[in-house]
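here is my input; please provide its structure:
(one chain, ligands or ions: 1)
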Amino acid sequence: MRLSRYFLPVLKENPSEAQIVSHRYMLRAGMIKQQAAGIYSWLPMGFKVLKRIEQIVHEEQIRAGHIPLLMPTLQPADLWRESGRYDDYGEEMLRITDRHKREMLYGPTNEEMITDIFRSHVNSYKDLPLTLYHIQWKFRDEIRPRFGVMRGREFLMKDGYNFDLDFDSAIHAYNRHMVSYLRTYERMGLQAIPMRAASGPIGGDNTHEFLVLASTGESEVFYDAAITDLKFGDRVVDYDNREECEAIVKEWTTPYARTDETHDEAIFNAIPEDRRRSSRGIEVGQIFYFGTKYSEPMGATVVTADGARVPVHMGSHGIGVSRLLGAIIEASHDDKGIIWPEGVTPFHVGIVNLKQGDSSTDPACEALYRELSAKGLEPLYDDRDERAGAKFATMDLIGLPWRITVGPRGIASGKVELTCRRTGESEELSAGAAVDRLAQIYAQI
Ligand code: 5CA
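Purely as a prediction, here's the structure:
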């Protein structure tokens, strides 16, 4: 993409409504525009990151054996009357009446609808286990939407639902989700710690939230520092193997880590003092096992091998896809702007032409652009007729992990400059070597 032709409405001033850094940078970098309280348009660069995050979520869900589908945003109220949640959900639910006076709602989550799909089409234990998921917009009429996409009213969520024959296989589904989530967040450059939590309106006893540690987080958390040393890395997991998934879950759930809702002072105080931590965290996901809470009242049953009809065991599993943009920025920025992890960056590399219109730098930048694209990388070429300082400031603000700077003096000696956004370190090398280096870096992501 050439910046002169892109739509990147960067703001010079700090927007006064933004209280936290991620919100400020998302507005300044022209990623989002507020349309109403807690409701945003996703401008091209914000939309690009959102899509990259979605893509990682899809890849990891499919790797774990889960099946994507798509349910609508609007749902009939009657479905929610069956589970009893139409009245229970309260003012967070946006209720809508259509022209025929039928009661509808903008879905805050999809347990009822997926249970309806299941009961309409599945009848036998032979069709289990089954996990279906979608990535779809939700609406919760939060009393205090704030911090930009972090607490929106309309927000994008991945929500998945498992259907299993019995408790043990449903717990395997729970474990499988925890493992796949660990991998998902790590690919986004995040450390998200699973913490025992409370289940709220979704229900059930077994639930973990995934929290990214950040001083601006809305949750208060308590944990053993040992958990922050754990890395998922590049292990290959057989998601059908119950013992293997259980062992990984054990590894991550043995060190103490809880939100304030389940925090237990006595257990916490038994951890050696130098490892006890309390902090704030951003909740980027939550998994639940709730047994037959929905399948029983809604009649989602299967016939077992010995002919009995039983309600299925279910759980639901959510990732806050749009919130993740905020969480990633909170975890990865400096005073100049965002620092995107390679896994989610909107463009792989920025090209800065120090002297636009110059007979040596223009063709060098064009050639770089072509060669990077040929390697499957997406460059953002700042081809505007601007001062070098302004170009650098834009690149720093939008946070591409790598920048190639092309100037007349460098080109005369056959060199460009490759700069790492995170460390600020620069290296002079030939354009070909810079392209190869970037291709190598991104091949490992
Ligand atoms: N049905 C279950 C799991 S699929 C569910 O709705 N879980 S949840 O309520 O915990 O939401 C899942 C994730 O969505 C949360 O962990 C959080 O990351 C994100 N989320 C929830 N509310 C908001 C909001 N108002 N704005 C942005 N993200 C949100």
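
buried set for the helix or strand containing I56?
Using DSSP states H and E, I56 sits in helix 44-63. Residues of helix 44-63 classed as buried: 45-46, 48-50, 52-54, 56-58, 60-61 (neighbour count, 16 or more other CB atoms under 10 Å). Placement of C-beta: from N, CA and C, glycine included.

and what of stretch 72-86?
75-76, 79-80, 83, 85-86.

for P108, what are its contacts?
P108 sits next to 89, 92-94, 138-140 when contact means CB atoms under 8 Å, 6 or more residues apart in numbering.

tabulate the residues you listed in CSV, adding columns for distance to the ligand and pLDDT.
Output for those, formatted as CSV (distance: CB to the nearest ligand atom, whole Å; pLDDT from 0 to 100):
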residue, distance to the ligand, pLDDT
Y89, 11, 92
E92, 9, 96
M93, 12, 97
L94, 12, 98
K138, 7, 98
F139, 9, 98
R140, 5, 98
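
can you tell me which of those residues are in strands?
Among these, the members falling in strands (DSSP state E) are 94, 138-139.

can you tell me the residue of the stretch 201-350 of the chain closest to the ligand?
Relative to the ligand, the nearest point of the stretch 201-350 of the chain is G320 (2.2 Å; CB to the nearest ligand atom).

tell me if I'm right that that residue and D159 touch.
No - checked against CB atoms under 8 Å, the pair G320 and D159 is beyond contact range at 10.1 Å.

now do A198, the pLDDT please.
Listed pLDDT for A198 reads 85.

excluding sequence neighbours, find me the nearest residue to it.
Spatial nearest neighbour of A198, chain neighbours left out: E261 (3.9 Å); criterion: CB to CB, 6 or more residues apart in numbering.

E112 now?
L79 (4.5 Å).

try G432
G432 sits nearest to E371 (CB to CB, 6+ apart), 7.5 Å away.

give me the next element, helix or strand, following the host helix or strand of F210.
Take DSSP H and E as the rule and F210 turns out to sit in strand 206-213. Following strand 206-213 in sequence order, the next helix or strand is strand 219-224 (DSSP H and E).

ok, that next one near the ligand or not?
No - Strand 219-224 does not reach the ligand (CB under 6 Å from any ligand atom); its nearest approach is 10.0 Å.

tell me the strands beside that strand, with direction?
Neighbouring strands of strand 219-224 in its sheet, by DSSP bridges, are strand 257-259 (antiparallel), strand 276-291 (antiparallel).

next, format the ones you listed as JSON lines and append mean pLDDT.
Compiled in JSON lines, the strands paired with strand 219-224 are given as follows (pLDDT from 0 to 100):
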{"stretch": "strand 257-259", "mean pLDDT": "96"}
{"stretch": "strand 276-291", "mean pLDDT": "97"}
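
by mean pLDDT, flag the weakest helix or strand of this structure.
helix 85-88 (a mean of 93; mean pLDDT, DSSP states H and E).

that one and the ligand in contact?
No - Helix 85-88 stays clear of the ligand (CB under 6 Å from any ligand atom), getting no nearer than 11.1 Å.

gap between that helix and the chain center?
Distance of helix 85-88 from the chain centroid (CA atoms, centre = their mean, to the nearest Å) equals 28 Å.

for stretch 370-383, same thing?
The answer for stretch 370-383 is 25 Å, by CA atoms, centre = their mean.

first vs last residue of that stretch, how far apart are they?
Stretch 370-383 stretches 14 Å from its first residue to its last (CA to CA, to the nearest Å).

which residues does that stretch contact?
Residues outside stretch 370-383 that contact it (CB under 8 Å, 6+ apart) are 1-4, 6, 346-353, 356, 365, 368-369, 391, 394-395, 398, 400, 404, 431-432, 435, 438-439, 442.

just the strands in the stretch 251-400 of the chain please.
With strands called from DSSP state E, counting those that start in this stretch, the stretch 251-400 of the chain shows them at 257-259, 276-291, 301-303, 309-311, 313-320, 333-334, 337-338, 349-353, 379-382.

closest to R196 out of these?
Comparing the strands of the stretch 251-400 of the chain by their distance to R196 (CB to CB), the top pick is strand 257-259, with 4.7 Å.

what does the closest one rub up against?
Identification of contacts with strand 257-259 by CB under 8 Å, 6+ apart yields 193-198, 209, 211, 219-224, 227, 264, 268, 281.

among the residues you listed, the buried ones, what's the PyMOL command?
Here is the PyMOL command that selects the buried residues among those (16+ other CB under 10 Å):
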select buried, resi 193+194+195+196+197+209+211+219+221+222+223+224+227+268+281
